[in-house]
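Asker: With the input below, show me the fold.
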Amino acid sequence: MNRSREIIRVSIAGIAANTILVVFKALVGFAANSTAIILDAVNNLSDALSSVITIVGTRLAKKKADKQHPFGHGRVEYVTSFIIAILVLAAGVTSFKESVEKIIDPPVTNFTQLSLFVIAAGIIAKLLIGAFFIKKGKELNSTSLTASGTDANGDALISVATLISVLVSMLFGIELDGILGAVISAFILKTGIGIITETVSDIIGVRIDADLAAGIREAINAYPRVHGAYDLIIHSYGPEEYVGSVHIEVDDDMSVKELDALTRDISSRIYSQFGVYLTIGVYASNTRDEQAREIMTAVRSEISDHAGILQMHGFYLRKEDRFVSFDLIVDYGEPDPDALIAHISSELSKKYPDYTFRINLDRDISG
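Answerer: A predicted model of the protein is given here:
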């Protein structure tokens, strides 16, 4: 399935459905002199505009990499999601403003059974559109479609409030447009803020999916000559464009020829299986040496007393110059990681004064 083509197809369907709703709601709204129904039509118009933005963003995101953008244009989709979120917020602010005005000065309305029918049909349509967009958004990993679906569900809530106010107006002559509209507007604003928060997090960079990280590590560790996969870092340049790096631990007597073949095979397999371009670094392991095993055991014993240390890896001992190097992953909650590393280094130096210890500080990037 062509992801971009499918996103555009779904968006076009959304434009068509929302355009029909705009026409019918606008006609009924003007006939009934109802600002609530007219505002509902405006919300549908904003949804159609959101779908247009999604189409434009998807096309731009599929542009090939160039000299200025060597990783492609996939992050444009995050920008379109942000724009849609702004539209949701604008709809919420507009709705709240209209609602307050109706509370202060309730309009004279002329609702009919046709008004009820159009509003009820609009609610059902918006719920179906919202469910469809969210479902497709998850299937296609499209934040723009998901945002549009969430917006559609918010519009359905506006329509529910409008329907209730119309019924109350027709049966009892009491105008509730303003009060119900203000309450629904608050929910719409909350939805818009949520979309912006999620999109901004994607733009800034978030922790990669735990299942993806675990799957990549499992695939790498399946190689018999690999003793561990560490420091996995993956950067997203769009929902389908991932670039990253990882360190593998191998025996220090492996030849360059063997290592080259191994890393090429791993890179090819990870891209084929997960769609991630992976650069591979190497940790040499000499823990078959008795002295190396002894010191590594002492290191593990020393760090076991510190809850802020999540993992040790990359251990290597050079006998010729009595040098020991390893990496420690420190929890983000550790108040002073540098002081912790210095303390561990000091304790190990006391126990092995003839050795120099270099401890590299790592962060828990991918879990």
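
Asker: Now the phi/psi pair for Ser245, please.
Answerer: Main-chain torsions, Ser245, degrees, to the nearest 10: phi -150, psi 160.

Asker: Which residue, other than its chain neighbours, is closest to it?
Answerer: Leaving aside its chain neighbours, Ser245 sits nearest to Thr279 (4.4 Å; criterion: CB to CB, 6 or more residues apart in numbering). Placement of C-beta: from N, CA and C, glycine included.

Asker: residues in contact with His343?
Answerer: By CB atoms under 8 Å, 6 or more residues apart in numbering, the contact set of His343 is empty.

Asker: heads up, I number from 10, so please use that
Answerer: All set: I'll call the first residue 10, so the last point we hit is now His352.

Asker: ok, the residue nearest to Ser254 touching His256?
Answerer: No. Using CB atoms under 8 Å, Thr288 is not in contact with His256, being 10.1 Å away.

Asker: Looking at those two, which is more packed in?
Answerer: His256 (18 against 11; other CB atoms under 10 Å).

Asker: did I read that right, the more buried one in a strand?
Answerer: Yes. Judged by DSSP: H, G, I helix; E, B strand; the rest coil, His256 forms part of a strand.

Asker: Tell me the bridge partners for it.
Answerer: Applying DSSP bridges to His256 gives these bridge partners: Tyr239, Gly290.

Asker: so it touches Gly323, yeah?
Answerer: Yes. The pair His256 / Gly323 is scored as a contact, 6.7 Å apart, by CB under 8 Å.

Asker: Pull up the overlap in contacts between the two.
Answerer: 239, 292.

Asker: mind checking how far the residue nearest to Ser254 is from Gly139?
Answerer: Distance of Thr288 to Gly139, computed by CB to CB, to the nearest Å: 41 Å.

Asker: Over to Ala94?
Answerer: Taking CB to CB, one finds Ala94 at 15 Å from Gly139.

Asker: what about these two, which has more around it?
Answerer: Comparing Ala94 with Gly139 by neighbour count (other CB under 10 Å), the higher total belongs to Ala94, at 25 against 21.

Asker: Check what pLDDT that one gets.
Answerer: pLDDT for Ala94: 83.

Asker: how about the nearest residue to it, chain neighbours excluded?
Answerer: Ile204 (3.8 Å).

Asker: Number of residues surrounding that neighbour?
Answerer: As a measure of burial, Ile204 has 23 neighbours, counting by other CB under 10 Å.

Asker: and it, what does it touch?
Answerer: Contacts for Ile204 (CB under 8 Å, 6+ apart) come out as 90, 93-94, 97, 156, 159-160.

Asker: one more time with 10 Å
Answerer: Shown in contact with Ile204 (CB atoms under 10 Å, 6 or more residues apart in numbering): 90-91, 93-98, 152, 155-157, 159-160.

Asker: same question, Glu250
Answerer: With the criterion set at CB under 10 Å, 6+ apart, Glu250 makes contact with 70, 74, 80-84, 244, 284-286.

Asker: got it, and Ile229?
Answerer: With CB under 10 Å, 6+ apart, Ile229 has these contacts: 235, 237-239, 241, 255, 257, 275, 278-279, 287, 289.

Asker: Now it: closest residue in space, sequence neighbours ignored.
Answerer: Ala238 (4.1 Å).

Asker: Correct me if wrong: the one you found contacts Ile289.
Answerer: Yes. Contact status for Ala238 versus Ile289: in contact at 9.2 Å, counting by CB atoms under 10 Å.
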